[in-house]
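Participant: here is my input; please provide its structure:
(2 chains)
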Amino acid sequence: MYAPHTQRDIDEMLAAVGVESLDALLAVPEEIALKAKLDVVPALPEYQIARRFERFAEKNAGVGYRSFLGAGSYSHYAPPAIAALAMRGEFLTAYTPYQAEVSQGYLQAIYEWQTYICLLTGMELANASVYDGATALAEAAIMALGATGRNKILVSRAIHPNYRAVLRTYCDGLDVAVDEVPVTENGATDLSALADAVGGKGYAAVALQSPNFFGCVDTLTKDAQAAISSSGTVPVAVVAEALSLAALEPPAAWGAQIVAGEAQSFGVAQAYGGPYAGFIASTKEHMRRIPGRLVGKTVDNAERTAYVLTLQAREQHIRRERATSNICTNQAHCALIATIYLALMGKSGLRDAASLNLARSRELASAVANVDGVTLKFPTPFFNEFVADVGRPAAEVLESLAELGILGGVDLGRFYPEFASCILMTATELTTTADINALAAALDGALNVHAHI
Amino acid sequence: MSTPTSSKTAEPLIFELGQEGRANRYLEEGKALDAFLPEAVVRKDLPLPDNSELDVVRHYTRLSHRTFGIDLGFYPLGSCTMKYNPRVNDAIVAKREFAQLHPFVPDALAQGALQIMYELERSLSSLFGMAAFSLNPSAGAHAELGALLIAKKYFKERGETRRDKVIVPDTAHGTNPASASMCGFKVVSLPSNERGRVGVSEIRSVLGPDTAVCMMTNPNTLGLFEDEIAQIAAAVHEAGGLMYYDGANANAIMGYTRPGDMGFDLMHLNTHKTFTIPHGGGGAGHGPLGVAAHLVDYLPVPVIAAAARANGESGSAASDRLTFKLDFDRPKSIGPLRSFWSNFAHVARALAYLYANGEEGLKRVSQLAVLNANYLRVKVAEFLDTPYPEICRHEFVASAQELKKEHGVRALDIAKALLDHGYMAPTMYFPLIVPECLMVEPTETESKETLDKFVEALHQIVEEAKTNPQALLEAPVTTVVGRVDETRAARQPDLRWRAPQ
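Facilitator: Numbers count the residues shown, from 1 in each chain, chains lettered A, B, ... in the order given. Take a look at the predicted model:
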């Protein structure tokens, strides 16, 4: 209970309202009045709430393990200054900045976020955030449906399986078909199949993820860009590991018109999957179709620089059923965290982080490739994750690693039946040589030491 | 009066600060990128600023000073339930075992997180009379989308594809019609009656074999309880449609009635309203999606499944004797709505809030939220028109229509003047059916003293509207900027900083 009322307050207020009791204020028709006994968790004093959650925390043993999990959620260093700033009550307890005059700080921070996303992706504009990477892809597809008037979406099969699943959920609602482009044996999207498919001129969008779900750099060649361009299809880039933008050519360089991404890597806690920070950036021609909030720079009545929510004619609270999207509450606070991360790291820090991810993941790749029975599945350059083929069911191998306190990666068989012997492994700047040696030794033990028969 | 956001010195953009190479040493220095990647894929230019940590800390601290949150003052934003956000909740989710838990950690090693999700899901189901909740959706609008996808799939599987109309009262939140159109439904807007409510006879006039869903908010956005709700639900069900409860205003009903008891088949909650999740300047939110028994199979994946513990390990609560898993094997599910399972940090915060209250405490929350709203309503009615002068629930609407006619002072001007008094403005111009509307929701965490001072300030503003209207047209004057040129922002969109040429 966080209400400050004394009994005297309550009595005086009831008298002012002119009712006898609180029950009289809240009365509802008899036929719908609550009669059931509820089954809600019991009230506890605050110190016991903390103890209860201590107990829950102890049961999340996986946090103490050596982890090589990535696949859309990454463990990166987050300087403590981020939390010190982002958790300030002014930011944390503000609502959407409808009243610009008392929200200039937050509005400016979001304008900075929009700029950071533009600079990183090479796009001309970006929105104030969407829920996460998967919904960013779905909303990008909806932008393309509106822009083209077509009713089919084409996606690479190397896009994060969860993102594709969410895209299908959204597209089912719109009676829009989602088709998939296969992956070559190099672990990248089959661009000739892609070019053939878009040639039919039926697709509103074609989406590629780089680095893709297998960790491989996966971009459009000039030929593929030309095929897409002549088909009138909107090229969409998906970015699930935003730190890769510090190392790899930005999506604008390989022809993307819309970038749908996830910025969790920029200081946002992994937190068992959320909240994260989705973003959508695009070229200017899609400005009026972009979903969600946009912050614009303008002036006040004395010609002073000011920031404000703008182009709201796109939004649900003005347009209702004709809005470009239904999004209202977005992920502002996660976007703020990412903005502060980017400010603290700067160009130098991001370059270092990217370089260390490249270095540690290569160290990991060569260590596991040295284990008998393990091969690296794809030869394509990668950022910080890659696929290791362990030659037997990955799920079983991962289970035996877990018994040794190691989370060896993601079982690809969970999403791709043909890759049931493959593990997606990730190393970041936080992965140590000791972690890598422990994984290699455990893999060797699991694959090559045969217990008694 | 000076407000905490009153420094008029503009803060430069982060891009206008710093010097290249002024790096913070958070990590080791990395090798050149082309040591690891082919030249063709390496990024050549990364045009971001380098700033010292101190300069970054000062920059965002100054921006925080230019931002108004609940922690600075009363925030009576209607339909947004801006109540106090308890700090214990933030301390809990900052714990390493929650903050650093990867979503792909095997279920057996994430039992604590799953138990938190399970306890919240069970508690919400009981509290709102639903068979089950999905914790998947990221916000209220996201849950609306999920619910309408469920409705669409449900009717499709029953062969009732003619059902393509969604009924939305004119007092509904804008997300309702927007969500409906994202599922290919056609929106039928239903006018409220002279009592500010939807009547069963009005509903009957739009019901038919094409009715899919009727979306209602109860209490509605006028703060009024829809007292014919049981009859409305019966009529919609009789016509073969489903009832959807928009839970944005759930803070008004706990312990007195439940959407399930009212006849709703689908609903959402905004834990960032009712259950004290911080709004964070516009999210992240969290929108649990509840369903009645006949729709459980359609919920988004994954859902939390529980089974009895084999080894008999136990604790104080019934849930301590269970083991949990994420269940993806749900053939009738609409599919997932987001990248990973839920906004887990918010799930944990919401559960901590439920523990702080329990059943009796939650009832008390609704009682005092409604008491505060009614107290404000009668006080405000002494000097400002309240178009529905009857017992309200957690919020009420006032109208500045008379002031506009007589003195040229609009709801907007009153709102801006409140900023000068150190208050957040109420929701303005919503619901759309009340001219010059101010929609006020005090929440239960505000004291009588705070409400009295707010009334005093509002009264002073209304008096000023009559004696010196020009002053109000210029408000706010104490804030870091004055009224912002929104037209220019929209006509000449400047959505990002660009490096000077």
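Participant: so who does the residue of the stretch 351-453 of chain A found nearest chain B touch?
Facilitator: Residue of the stretch 351-453 of chain A nearest chain B, by Cβ to the nearest Cβ: residue A:355 (2.4 Å). Every residue, glycine included, has its C-beta placed from N, CA and C. Counting by Cβ atoms under 8 Å, 6 or more residues apart in numbering or on different chains, residue A:355 touches A:247, B:30, B:31, B:32, B:33, B:35, B:36.
Participant: want to throw these into TSV with secondary structure and distance to residue B:405?
Facilitator: TSV is the format used below for the contacts of residue A:355 (DSSP: H, G, I helix; E, B strand; the rest coil; distance: Cβ to Cβ, whole Å):
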residue	secondary structure	distance to residue B:405
A:247	coil	63
B:30	coil	67
B:31	coil	72
B:32	coil	71
B:33	helix	67
B:35	helix	73
B:36	coil	71
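Participant: in JSON lines: these, plus neighbour count.
Facilitator: Shown next, in JSON lines, are these (neighbours: other Cβ atoms under 10 Å in any protein chain shown):
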{"residue": "A:247", "neighbour count": "26"}
{"residue": "B:30", "neighbour count": "22"}
{"residue": "B:31", "neighbour count": "13"}
{"residue": "B:32", "neighbour count": "10"}
{"residue": "B:33", "neighbour count": "20"}
{"residue": "B:35", "neighbour count": "12"}
{"residue": "B:36", "neighbour count": "20"}
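Participant: adding pLDDT and distance to residue B:335, write those out as TSV.
Facilitator: Converted to TSV, the contacts of residue A:355 look like this (pLDDT from 0 to 100; distance: Cβ to Cβ, whole Å):
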residue	pLDDT	distance to residue B:335
A:247	98	33
B:30	96	40
B:31	97	43
B:32	97	43
B:33	97	38
B:35	97	42
B:36	98	37
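Participant: now, which of those sits nearest residue B:366?
Facilitator: Of all the contacts of residue A:355, residue B:366 sits closest to residue A:247, with 52.4 Å by Cβ to Cβ.
Participant: if I read this right, the closest one contacts residue A:358, doesn't it?
Facilitator: Yes. Using Cβ atoms under 8 Å, residue A:247 is in contact with residue A:358, at 6.5 Å.
Participant: so what sits against both of the two?
Facilitator: A:383, B:33, B:37.
Participant: got TSV for those, with distance to residue B:153 too?
Facilitator: Converted to TSV, those look like this (distance: Cβ to Cβ, whole Å):
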residue	distance to residue B:153
A:383	38
B:33	47
B:37	45
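Participant: only C-alpha atoms, please: export stretch A:356-376 in PDB.
Facilitator: This file holds the C-alpha atoms of stretch A:356-376, laid out as PDB (Å, rounded to 0.1, in the frame of the first residue of the first chain):
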ATOM      1  CA  LEU A 356      37.200  -7.100 -29.000                       C
ATOM      2  CA  ASN A 357      34.000  -8.900 -30.100                       C
ATOM      3  CA  LEU A 358      35.700  -9.800 -33.300                       C
ATOM      4  CA  ALA A 359      38.800 -11.000 -31.500                       C
ATOM      5  CA  ARG A 360      37.200 -13.000 -28.800                       C
ATOM      6  CA  SER A 361      34.700 -14.700 -31.100                       C
ATOM      7  CA  ARG A 362      37.600 -15.700 -33.400                       C
ATOM      8  CA  GLU A 363      39.500 -17.100 -30.400                       C
ATOM      9  CA  LEU A 364      36.400 -19.100 -29.500                       C
ATOM     10  CA  ALA A 365      35.900 -20.300 -33.000                       C
ATOM     11  CA  SER A 366      39.500 -21.600 -33.300                       C
ATOM     12  CA  ALA A 367      39.300 -23.200 -29.900                       C
ATOM     13  CA  VAL A 368      36.200 -25.200 -30.600                       C
ATOM     14  CA  ALA A 369      37.300 -26.000 -34.200                       C
ATOM     15  CA  ASN A 370      40.400 -27.600 -32.600                       C
ATOM     16  CA  VAL A 371      38.100 -30.100 -30.700                       C
ATOM     17  CA  ASP A 372      37.900 -33.400 -32.500                       C
ATOM     18  CA  GLY A 373      34.400 -33.800 -33.900                       C
ATOM     19  CA  VAL A 374      33.600 -30.100 -34.200                       C
ATOM     20  CA  THR A 375      33.600 -28.200 -37.400                       C
ATOM     21  CA  LEU A 376      32.700 -24.600 -38.200                       C
END
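Participant: ok so, going back, is the residue of the stretch 351-453 of chain A closest to chain B in a helix, a strand, or coil?
Facilitator: Classification of residue A:355 by DSSP: H, G, I helix; E, B strand; the rest coil places it in helix.
Participant: which non-adjacent residue is nearest it?
Facilitator: residue B:30 (2.4 Å; Cβ to Cβ, 6 or more residues apart in numbering or on different chains).
Participant: how about the helices in the stretch 201-350 of chain A?
Facilitator: A:222-231, A:316-319, A:332-369 (DSSP state H, counting those that start in this stretch).
Participant: give the buried residues for the longest one.
Facilitator: Just to be clear, that refers to helix A:332-369. A:332-365, A:367-368 (16 or more other Cβ atoms under 10 Å in any protein chain shown).
Participant: what's the worst-scoring helix or strand of chain A on mean pLDDT packed up against?
Facilitator: Counting by mean pLDDT, DSSP states H and E, chain A has its least confident helix or strand at helix A:316-319, which shows a mean of 77. When contacts are defined as 3 or more Cβ pairs under 8 Å, 6 or more residues apart in numbering or on different chains; DSSP states H and E, helix A:316-319 sits against helix B:175-182.
Participant: tell me, how many neighbours does residue 430 end up with?
Facilitator: Using chain A. 16 (other Cβ atoms under 10 Å in any protein chain shown).
Participant: switch to chain B, please.
Facilitator: Neighbours around residue B:430, by other Cβ under 10 Å: 19.
Participant: check residue A:48 too.
Facilitator: Other residues close to residue A:48 by other Cβ under 10 Å number 12.
Participant: the helix or strand hosting it vs chain B: in contact?
Facilitator: Here residue A:48, judged by DSSP states H and E, is contained in helix A:46-58. Yes. Helix A:46-58 comes into contact with chain B (Cβ under 8 Å from any Cβ of the partner chain), by way of A:46, A:49, A:50, A:52, A:53, A:55, A:56, A:57, A:58.
Participant: and the residue in the stretch 351-500 of chain B that chain A sits nearest to, its phi and psi?
Facilitator: Nearest residue of the stretch 351-500 of chain B to chain A, counting by Cβ to the nearest Cβ: residue B:358, 2.8 Å away. Dihedral pair for residue B:358: phi 70, psi -180, per degrees, to the nearest 10.
Participant: so the closest residue to it other than its chain neighbours, which of the three states?
Facilitator: Leaving aside its sequence neighbours, residue B:358 sits nearest to residue A:43 (Cβ to Cβ, 6+ apart; 2.8 Å). The assignment at residue A:43 comes out as coil when based on three-state DSSP.
Participant: between the helix or strand where residue B:376 lies and helix A:46-58, what angle do the directions make?
Facilitator: Per DSSP H and E, residue B:376 falls inside helix B:344-380. With axes from the mean of the first three to the mean of the last three Cα atoms, to 10 degrees applied, the angle from helix B:344-380 to helix A:46-58 works out at 150 degrees.
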